[in-house]
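K.L.:
okay, sequence plus prediction incoming.
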Amino acid sequence: MEFLQLIIGGLANGCIYGLVALGFVMIYKASEGVNFAQGDMMMLGAFVALGIGNTDQMGLPFGIAVILAMAIMFAVGWGVERVVVRQIFGQPQFALVILTIAMGFVFRFVAGSIWGYTPLVLETPFAGQNFRGGGLVVGLADLVTIGVTLALTLALWAFFAFTKIGLAAQAASQNQMAAYIVGVPVMRINSLIWGLSGAVATVAGVLYATKGAIDPNIGLLGIKAFAAAVIGGMGSLPGALLGGLIIGVIEPVAGRYAPGELAKMSPYIIMLVVLVLRPGGLFSQIQMKKV
Amino acid sequence: MRYVFKTTYDRDIDLHQHGWSRAKVAVLAGLMIVLPFLVGEYYLAEATNTLIWALAGMGLMIAVGHTGQVSLGHAAFLAIGAYANSALMNVGVPFLISFPLAGLITGLFGAVIAIPAVRMSGIYLAIATLAVFVIVEEMVILLEPITGGVGGIMAPSIQFFGISFDRYGALENFYWLCLAIVILVTWGYANLMRSPTGRSFLAVRDSEVSARALGINVTRTKSLAFGLSTGVTGLAGALMGHYIGFYNYELFSIFISINLLLVVTIGGLGFIQGAFLGAILITAVPQVIAILRDGLNANFGINLGSIPGLDTMIFAAILILFIIFEPAGLYGRWLKIRTWFDIFPLARRDMFRRQKSYLKTERMK
Amino acid sequence: MSLLEVNDLAVHFGGVKAVDGMSFSVEPGEVFAIIGPNGAGKSTIFNLISRIYEPTRGTIRFDGKDLTAQKSHDIARLGIARTFQNIELFDHSTVLANLLMGQHTHRSTNFVQDILFLGKVRRAEREHRHRVEEVIEFLELEAYRNKMIAGLPYGVRKVVEIGRALALGPKLILLDEPASGLSVEETQDVAFWIEDMRRDMGLTVLMVEHDMSLVNQVSDRVLAVANGRPLAMGTPQEVQADPHVQAAYLGTPEEDAA
């Protein structure tokens, strides 16, 4: 029973890792860049929702707060691409890595300046509501997390697999030049994807906030989400979710049966093992370069 | 404009192409040697700190700047160097042995890690090094008998040939020790880059396919480069441990890794000089901020001290501006200025314009 | 004995048979050209010889050794150098450094000696430089010696890549479309150099080329391939007269056979 309880909690956590990982993967799929600020975008999204929704702040209803926060973070993501990321177009991937790490610091500073560094709690309708049965306690927040994550993954997968824009984004990542020549608006698609990943990060942030207090440093969770994305294979949306779930479940289980430090290491050990055995991740997309 | 007449191949093989450049380096080294007589205790300690950062920066530069292997986890190797050196000294090994041994241990650790990691390219390697960082951090806490766990460890006072090199007791001596180590490593690094080994690093960085076709064992080369990189970083870590005196795992946080990346990127990727310029910047900026903060507070009553995280924010802003406007870094900018003067008045506006290219996918490697 | 013997070579990528049942042999001192339409598998043959691809079946023997048992970085040491269809130079180094990198198989020092820059390293460096200067003189690259690759025109880069392959001091040189993108004059230079490589340096040349005037001018034998399979082999004239080749590659006789 206790084991099952661990698993359920782990799955809900894993969904949040998975959602942040989805943000990485989307941007990677579209531009082969990696956004190291994704975790911080999640943090900022959660704070924006808090700023709009909490009664001591703007006090709008929860649903509206979330939707507004998603819209604002869409604009932030879109703006970051337009104003900053586009400037380094054509530079090696490494430049984007450093740039986004620096962006993460900026986001953290912004959130810290507005909302301070003491942990705050986001008011949600699901707080404290639990289902009991058969010795298990399942929080409503956990169920909502799992449900929303599944729906969002499915929707994003369909977006990339079936819509014209999604397919164009994938084409752009394979070969931007060729995509540009056949009429794909490469730049505009990149902006759109960055915006979308901002919105997805907000959802992850809000779900994270349903389970506890938030402060500007929760963005460091992004590193764990990274491990999730790598385990799944950077280019695969279902892979990202799976990677997130694996990490989410392993952590509490390892924490239960091994020293705490080992539990903290476990996601990264799994990631290294996957990288060594299957360098492209579980859903590999690496191919040979043609010479 | 200067013309260098080359009469033997040695002119190209030598570290300096003309006497003027050799003289400049000699003057700079001389200045550094007499520095303890010129500045006070506080600034000498800062200079020592800068030297240690330059050493760590050179370590990372070998990997990132000269072999194209991005590492987000170099703080882990600083930690390994520091703990190895302190732990060895605590069991009675003299500094002259423990110090190189610390570098060797870190280098071997790095090279072994690199063997699976070099199969990964670009982004995957960056993430793998990040994972190694987290694992090392937790291992440091776990290995309490060696590392002192959360409580921390003491870096014993350095003493050999009957002379004390204690960081607090004899700061001048500690400074000279760091300077000597930095000069030696810089000389070795410069030698490396003018020899076949250094060329094989550059080859691997620019095109793995053709490096292989020329007979370069890419895996071995990358592993060697990563091992040398982590080894030098380990040496810097050992000195950093002595500089701080008493430390625990928190000294080597992820932010140190990122500051190191800042050193090499802002300094100028692919230039040894860049590591020094970057180190100067990263140690000087907090000083400048502190001076500005005091000045603003005293003269205008603006209290910037109440804004936490301002330092990091300013670093981040500098980094963003450099990546966008001068990806070649400080040293790259200096080269452009020097060229502009060399060929004055013939420089054209677009002479240094970067060529923008559409992304070539790295998925096809 | 032939220098290079390819026997029943095949490589399949998924269901695509990029090369299938390929057999030919190259004699020492010969200029051997492979021609064929785009996608016929010409470059794939090169990539199989340099061990970038793993063959599905078949053997490649060079100088009596089985290449399929070698690692890709061991191929150069056996005496095979190559160029690439889309120029793979080290863009952020000078021409001189690129050529010196071609000397890698001749290095005699290890990294510790390199770091200390012992006298031995300096002597070895002088020798490397001497050999590279011979290549620079041969290809008339003197003016570009200290120029960065990234700023050089396409034609020069193409020559530098040939130079880097020559710096290796190989027995066999693989040229992947040496004339593509070059002007008529530059192509003529390439033709002379290929003839000199054979005559003065005693090299064997295996090349993939589309420019039939170059092929006709320098090659002893020509192999025509299509769809990954050999079509015809012989002198340039024989191959061009072959009805299969005309149908598959040069078009039907009514069309202008360029």
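P.N.:
Received it, and whenever you're ready, just let me know what you need.

K.L.:
which one is residue 198 nearest to, not counting chain neighbours?
P.N.:
All of this refers to chain A. A:Gly77 (2.7 Å; CB to CB, 6 or more residues apart in numbering or on different chains). In short, each C-beta sits where N, CA and C put it, glycine included.

K.L.:
let's do chain C instead
P.N.:
C:Val31 (5.8 Å).

K.L.:
so what does the one you found have for phi and psi?
P.N.:
Backbone dihedrals for C:Val31, given as degrees, to the nearest 10, come out at phi -110, psi 120.

K.L.:
can you name the residues bridging to it?
P.N.:
With DSSP bridges applied, C:Val31 shows beta-bridge pairing to C:Val205.

K.L.:
quick one: contacts for it?
P.N.:
By CB atoms under 8 Å, 6 or more residues apart in numbering or on different chains, the contact set of C:Val31 is C:Ile194, C:Glu195, C:Arg198, C:Thr204, C:Val205, C:Met207, C:Val218, C:Ser219, C:Asp220.

K.L.:
check which helix or strand covers the first one.
P.N.:
Counting by DSSP states H and E, the secondary-structure element that holds C:Ile194 is helix C:184-201.

K.L.:
so what does that helix touch, helix or strand wise?
P.N.:
strand C:31-35, helix C:119-139, helix C:154-167, strand C:204-208, helix C:212-218 (3 or more CB pairs under 8 Å, 6 or more residues apart in numbering or on different chains; DSSP states H and E).

K.L.:
ok, back up a step: pull out the buried residues from the contacts of C:Val31.
P.N.:
Among those, those buried by neighbour count (16 or more other CB atoms under 10 Å in any protein chain shown) are C:Ile194, C:Arg198, C:Thr204, C:Val205, C:Met207, C:Val218, C:Ser219.

K.L.:
out of those residues, flag the one nearest to chain A.
P.N.:
C:Met207 (15.8 Å; CB to the nearest CB).

K.L.:
give me the number of residues near the nearest residue to A:Arg108 once chain neighbours are set aside?
P.N.:
Excluding the flanking residues, the one nearest A:Arg108 by CB to CB, 6+ apart is A:Pro216, at 4.8 Å. Neighbourhood size, A:Pro216 [other CB atoms under 10 Å in any protein chain shown]: 25.

K.L.:
contact partners for A:Pro216?
P.N.:
A:Met43, A:Phe47, A:Arg108, A:Ala111, A:Gly112, A:Trp115, A:Tyr117.

K.L.:
how near is it to chain C?
P.N.:
39 Å (CB to the nearest CB, to the nearest Å).

K.L.:
so for that residue, what's the pLDDT?
P.N.:
pLDDT, A:Pro216: 88.

K.L.:
look up how far B:Ile320 lies from it.
P.N.:
19 Å (CB to CB, to the nearest Å).

K.L.:
can you check A:Gly183 too?
P.N.:
Separation of A:Gly183 from B:Ile320 (CB to CB): 32 Å.

K.L.:
bridging across strands, which residues link to C:Met233?
P.N.:
C:Leu223.

K.L.:
residues touching it, list them.
P.N.:
By CB under 8 Å, 6+ apart, the residues touching C:Met233 are C:Phe24, C:Arg221, C:Val222, C:Leu223, C:Ala224, C:Val239.

K.L.:
where does the chain have low pLDDT?
P.N.:
Defaulting to chain A. Applying pLDDT under 70 to chain A flags the ranges A:1, A:90, A:174-175, A:279-281, A:284-291.

K.L.:
um, chain B though
P.N.:
Ranges of chain B meeting pLDDT under 70: B:1-4, B:118-122, B:301-308, B:344-365.

K.L.:
so where do the strands sit in it?
P.N.:
Ranges of strands within chain B are B:153-154, B:159-160, B:163-164, B:246-247, based on DSSP state E.

K.L.:
hmm, back to that, more crowded one of A:Gly183 and B:Ile320?
P.N.:
B:Ile320 (21 against 8).

K.L.:
coming back round to it: from the contacts of A:Pro216, which land in helices?
P.N.:
A:Met43, A:Phe47, A:Arg108, A:Ala111, A:Gly112, A:Trp115 (DSSP state H).

K.L.:
ok, of those, which one's closest to chain C?
P.N.:
Nearest member of the ones in helices among the contacts of A:Pro216 to chain C, counting by CB to the nearest CB, is A:Arg108, at 34.3 Å.

K.L.:
okay, now the closest one: neighbour count?
P.N.:
A:Arg108 has 26 neighbouring residues, counting by other CB under 10 Å.

K.L.:
over to B:Val34?
P.N.:
8.

K.L.:
state the distance from it to C:Glu238.
P.N.:
81 Å.

K.L.:
and if you look at A:Gly53?
P.N.:
On the measure of CB to CB, A:Gly53 and C:Glu238 end up 83 Å apart.

K.L.:
over to C:Glu88?
P.N.:
34 Å.

K.L.:
these two - which one has more neighbours?
P.N.:
The residue with more neighbours, out of C:Glu88 and C:Glu238, is C:Glu88; 21 against 13, by other CB under 10 Å.

K.L.:
so who does the residue nearest to that one when sequence neighbours are not counted touch?
P.N.:
Distances taken as CB to CB, 6+ apart place B:Ser210 nearest to C:Glu88, at 4.0 Å, with adjacent residues excluded. Listed by CB under 8 Å, 6+ apart, the contact set of B:Ser210 reads B:Ala203, C:Phe84, C:Glu88, C:Leu89, C:Phe90, C:Arg164.

K.L.:
that older thread, give me the buried entries from the contacts of A:Pro216.
P.N.:
Neighbour-count burial (16+ other CB under 10 Å) is assigned, among the contacts of A:Pro216, to A:Met43, A:Phe47, A:Arg108, A:Ala111, A:Gly112, A:Trp115.

K.L.:
count the residues that sit near A:Glu251.
P.N.:
Counted with other CB under 10 Å, A:Glu251 comes out at 21.

K.L.:
over to A:Gly222?
P.N.:
27.

K.L.:
can you name the element that comes right after whichever strand or helix holds it?
P.N.:
Assigning secondary structure by DSSP H and E places A:Gly222 in helix A:221-232. Following helix A:221-232 in sequence order, the next helix or strand is helix A:237-257 (DSSP H and E).

K.L.:
what packs against that following helix?
P.N.:
The contact analysis (3+ CB pairs under 8 Å, 6+ apart) places helix A:237-257 against helix A:2-31, helix A:140-162, helix A:221-232, helix A:260-277.
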